[in-house]
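Peer 1: Sequence first, predicted coordinates after that:
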Number of protein chains: 2
Amino acid sequence: MASKAIILVCDGMADRRCSALEGLTPLQAARPKSFDWIASRGECGLMDPISPGVPPGSDTAHLAILGYDPYKHYTGRGAFEALGAGIELEPNDVAFRCNFATVNNDGIVVDRRAGRISDEDAKVLSESLNGIKLVRNSDVEIMFKHTVEHRGVLVLRGEGLSRFVSDIDPHKTGVKFLHSRPLTDSPTAKKTADTLNEFVEISSKILAEHDINKRREKRGQPLANIILPRGAGTLPMVEKLPTKFGIKAAAIAGGAVYKGVCKAVGFDVLEVKGATGTVDTNLDAKMRAAINAIKVYDLVFVHVKATDVVSHDRNPTKKAEIISRISAAFSTIVSEVDLEGTCIAITSDHTTPSEVGEHSGDPVPVALYAPGARYGNVEKFDEISCASGTLGRIRGVDLMPIIMNYLGKVSMYGE
Amino acid sequence: MASKAIILVCDGMADRRCSALEGLTPLQAARPKSFDWIASRGECGLMDPISPGVPPGSDTAHLAILGYDPYKHYTGRGAFEALGAGIELEPNDVAFRCNFATVNNDGIVVDRRAGRISDEDAKVLSESLNGIKLVRNSDVEIMFKHTVEHRGVLVLRGEGLSRFVSDIDPHKTGVKFLHSRPLTDSPTAKKTADTLNEFVEISSKILAEHDINKRREKRGQPLANIILPRGAGTLPMVEKLPTKFGIKAAAIAGGAVYKGVCKAVGFDVLEVKGATGTVDTNLDAKMRAAINAIKVYDLVFVHVKATDVVSHDRNPTKKAEIISRISAAFSTIVSEVDLEGTCIAITSDHTTPSEVGEHSGDPVPVALYAPGARYGNVEKFDEISCASGTLGRIRGVDLMPIIMNYLGKVSMYGE
């Protein structure tokens, strides 16, 4: 009987038949050997991360796959970004994803990424915004932290705040940045929208006068003269996964949102050198970290982002190549862990058709090796082969109970 | 078109691949001919009795398979035990499963079964407890009935009682028996816990002074000097199955809890000589009773416990043997009933992996013969073959509507 489990999620790995691959999916074109081994000795199926036909976001897909129904527990993306950026959120905090952006004198957004501002510049600018005092909303504490390139996180801390406010970010260029509006009638939403608007007013003044921007102007670089917050979120109040199942759980991921979701549900997030959340990530380092982690943890979750990046770039050929590389790196896990005592699951958090370039609502293939598992005749890990496996068609929220059942960690319901 | 249906549930029959069976499941090793016939002419699939990954109890699994969502309708095990023992429960009654057990002078439980006390001794002791008067809770009527060996049922009857109280039974030896605590803030829970504690106080005195125990002491047998109630339950308030579908339904089962669940949802429970709920049960008698019953009832439910017993004993080889025996007995049904007018379903209420010995949350195979059914290419009734059947993966609560649909008994929804 298994006592440990490793889950590998390759972001956006699932795809459709691609004409550039002569009608194959990137998984079919890649023929990933270690994944095929898991499929041939494991239960296979298709999984709707959220619900059939519904394209999942990165945050909701991961909540579901980790066992939390996003329709019940999702409280906005901002909190995951903040957690992933290393901010310790409190229950009343409202967090936002932010971009450094460029507006002209009329407030029209001309560049949503301020010319893909460098980490160096964005970091210095961020420090000038962290801890600033507001006037109308002087009781609200402001935390601002830079993450990667033009991205940052804003946290509002204080009494009587709400996540039900609209974005400042208009999500496109050529239009004026938005004023945040309360999305409910509650005074908390009103206060939060006003706080957010005041933050944008005051931070814009600080940014306009900042030396970094004076230097950027001289060099002809787009000014980073506004912060565009979006995706208000609060910490989801869930029973943590380690408590729910009586286990120790660790996560290995590059991107902030994945780290954040894992932290929110109680995983220890392990820092791995070279895990960048992009195509140049150090796959071998991540797999090695997983092998080490499974010695002390019951559950290790490994997230690889690269498959989604190339899908958004609409590059099915490159996607097949990357899948082969991930599978090759993953073979170390298959050959080194104790297969008598370990479950190994491979799946994807959503489909990103690489000839479309956006998340879609198609189901994803899943393969689950476990000692004693009732595997069938599937020989290959791909969207079509897995459809005839013994798992059938499951939902994202089912995956964690199915895995924990193999570990004997799901409480009996009834007597 | 079918007008009748027979359902055979073999308790805990579903299993995983067993190393003792060279990687086969007991069903695969048994190759049960009459089950295979149903599978090859019926719709096959996998069924999650409760929800994927969730190990079902005996009570909740049966509620679900009979068409009642246990998350909505489950009100504790005690009521099913009481009904199964032949007590006519009233809506406000709170019932408990009980063990005769042995405690030492410090209240430490030293034997949870009082040396597997005989039916004879337990029956006499039970009679001395039935109808006793309490002092603090004199308005509550006490019913106590012996069932099998060390087992009995306690029913509290009166106004203002609740099932939200904790067990007296510590579920292990070497520790003191527990005091019942209210599990909610309501006065009814408080009153019920106090009544239960008072019953244990008073019944312990009666047992201590009882002639049976004096004789047991002389003979060196463990004293049956305490009752350990557990699993508080009330009658579930559901629309009865015969009313819901306009049918007459009968159940054939040995164990009290299965009889109880069937009674609770409106089945007539038929007594069959030799149906013991153990491995020595008279399978032929049960199948013969089913053949007779289907002449007058629209739906006959047959439960066989033996498969679960040997699973808990971790004996996959014996399990395969028992499956073969059940299949052989069941062949009488297949050959004698009118196949033009009868649906026949075979399934299991949960998986009990016989190399683990506990209920698990894996799905169970299901095969459903019906005139006109859209059967596919499955040839064998087992966990792996059925996964590629035309039923797909269903839930326990779906089974009864699927069967009743073949009988034309499900009301159209909409117009």
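Peer 2: Looks like it arrived, so ask away. It should be emphasised that the depicted structure is a prediction, and the values quoted were computed from it without experimental measurement.
Peer 1: A:Lys244 in helix, strand or coil?
Peer 2: Under DSSP: H, G, I helix; E, B strand; the rest coil, A:Lys244 falls in the helix class.
Peer 1: what's the burial count for the residue of the stretch 201-350 of chain A found nearest chain B?
Peer 2: Proximity of the stretch 201-350 of chain A to chain B (C-beta to the nearest C-beta) peaks at A:Glu340, 9.9 Å away. C-beta here means a position set from N, CA and C on the backbone, and glycine is covered the same way. For A:Glu340, the number of neighbouring residues by other C-beta atoms under 10 Å in any protein chain shown comes to 10.
Peer 1: was I right about it contacting A:Pro371?
Peer 2: Yes. With the criterion set as C-beta atoms under 8 Å, A:Glu340 and A:Pro371 qualify as a contacting pair; they are 5.8 Å apart.
Peer 1: OK, contacts around the closest residue to chain B within the stretch 1-150 of chain A?
Peer 2: For the stretch 1-150 of chain A, the residue closest to chain B is A:Met1, as judged by C-beta to the nearest C-beta, at 5.7 Å. A:Met1 makes contacts with A:341, A:371-372, A:406-408, B:355-356, as judged by C-beta atoms under 8 Å, 6 or more residues apart in numbering or on different chains.
Peer 1: Tell me how many other residues surround A:Asn105.
Peer 2: In terms of burial, A:Asn105 registers 5 neighbours under the definition other C-beta under 10 Å.
Peer 1: now do A:Lys172
Peer 2: Under the neighbour criterion other C-beta under 10 Å, A:Lys172 is assigned a count of 8.
Peer 1: quick one, domains of chain A?
Peer 2: A:4-74+A:238-406, A:82-233 (automatic domain parsing).
Peer 1: A:Ala289 in helix, strand or coil?
Peer 2: Applying three-state DSSP: A:Ala289 is helix.
Peer 1: now A:Lys214
Peer 2: Strictly by three-state DSSP, A:Lys214 counts as helix.
Peer 1: What residues are bridge-paired with A:Cys343?
Peer 2: A:Cys343 has these beta-bridge partners by DSSP bridges: A:Ala5.
Peer 1: Please verify my assumption that it contacts A:Met404.
Peer 2: No. Counting by C-beta under 8 Å, A:Met404 is not a contact partner of A:Cys343; they are 9.2 Å apart.
Peer 1: most packed of the domains of chain A?
Peer 2: Mean neighbour counts were taken over the domains of chain A using mean count of other C-beta atoms under 10 Å in any protein chain shown, and the top value, a mean of 22, falls to domain A:4-74+A:238-406.
Peer 1: ends of that domain, how far apart?
Peer 2: Terminal residues of domain A:4-74+A:238-406 lie 9 Å apart, using C-alpha to C-alpha, to the nearest Å.
Peer 1: pLDDT on it, on average?
Peer 2: For domain A:4-74+A:238-406, the mean per-residue pLDDT is 96.
Peer 1: how far out from the middle of the chain is it?
Peer 2: Using C-alpha atoms, centre = their mean, to the nearest Å, the distance from the centre of domain A:4-74+A:238-406 to the centre of the chain it belongs to is 12 Å.
Peer 1: Ok, stretch A:128-140 next?
Peer 2: Mean-position distance between stretch A:128-140 and its chain equals 29 Å (C-alpha atoms, centre = their mean).
Peer 1: Name the residues that touch that stretch?
Peer 2: With C-beta under 8 Å, 6+ apart as the contact definition, stretch A:128-140 has outside contacts at A:141-145, A:156-159, A:161, A:191, A:194-195, A:198-199, A:202-203, A:206-207, A:210, A:227.
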